[in-house]
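Visitor: model this:
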Amino acid sequence: MSNNITGIITKTLPSLMFRVKLDSNNEIVASVSTKLRLRRVKLLVGDRILVRCHSNTGQIIFKYKL
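Guide: Below you'll find the model as predicted:
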């Protein structure tokens, strides 16, 4: 079962992977969803995002506007 949780990008990693600190103070590694890749959404350190979590990995599915 997957959960959608908000978090903040803390570090960029190779191959479109990001280290994300969730609101629950856990850190996970997340990749970018296909929808965001196709729309060429820019993700930077400090961006607030919505992550679909699976155990200790996740997928970024939404970027909040500032």
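
Visitor: phi and psi next, for the residue lying closest to Asp47 once chain neighbours are set aside.
Guide: Nearest in space to Asp47, with sequence neighbours left out and distances taken as C-beta to C-beta, 6 or more residues apart in numbering, is Ile9 at 5.0 Å. (Glycine included, C-beta is placed from N, CA and C.) Here is the backbone geometry of Ile9 (degrees, to the nearest 10): phi -70, psi 130.

Visitor: isn't Ile9 right up against Leu22?
Guide: No: using C-beta atoms under 8 Å, Ile9 is not in contact with Leu22, being 11.1 Å away.

Visitor: returning to that earlier point: any idea how far the residue nearest to Asp47 is from Leu66?
Guide: Computed as C-beta to C-beta, to the nearest Å, the Ile9 to Leu66 distance reads 13 Å.

Visitor: settle it for me: which of those two has more neighbours?
Guide: A direct count of neighbours by other C-beta atoms under 10 Å for Ile9 and Leu66 places Ile9 higher, at 20 against 6.

Visitor: show me what contacts that one?
Guide: Contact analysis of Ile9 by C-beta atoms under 8 Å, 6 or more residues apart in numbering lists Phe18, Arg19, Val20, Leu43, Leu44, Val45, Gly46, Asp47, Ile49.

Visitor: not counting its neighbours along the chain, what's nearest Asp23?
Guide: Counting by C-beta to C-beta, 6+ apart, the nearest residue to Asp23 once its immediate chain neighbours are dropped is Thr6, at 5.4 Å.

Visitor: now swap in Leu44 and tell me
Guide: Leu44 sits nearest to Ile9 (C-beta to C-beta, 6+ apart), 6.9 Å away.

Visitor: what pairs with that neighbour across the strands?
Guide: Ile9 forms beta bridges with Val20, as assigned by DSSP bridges.
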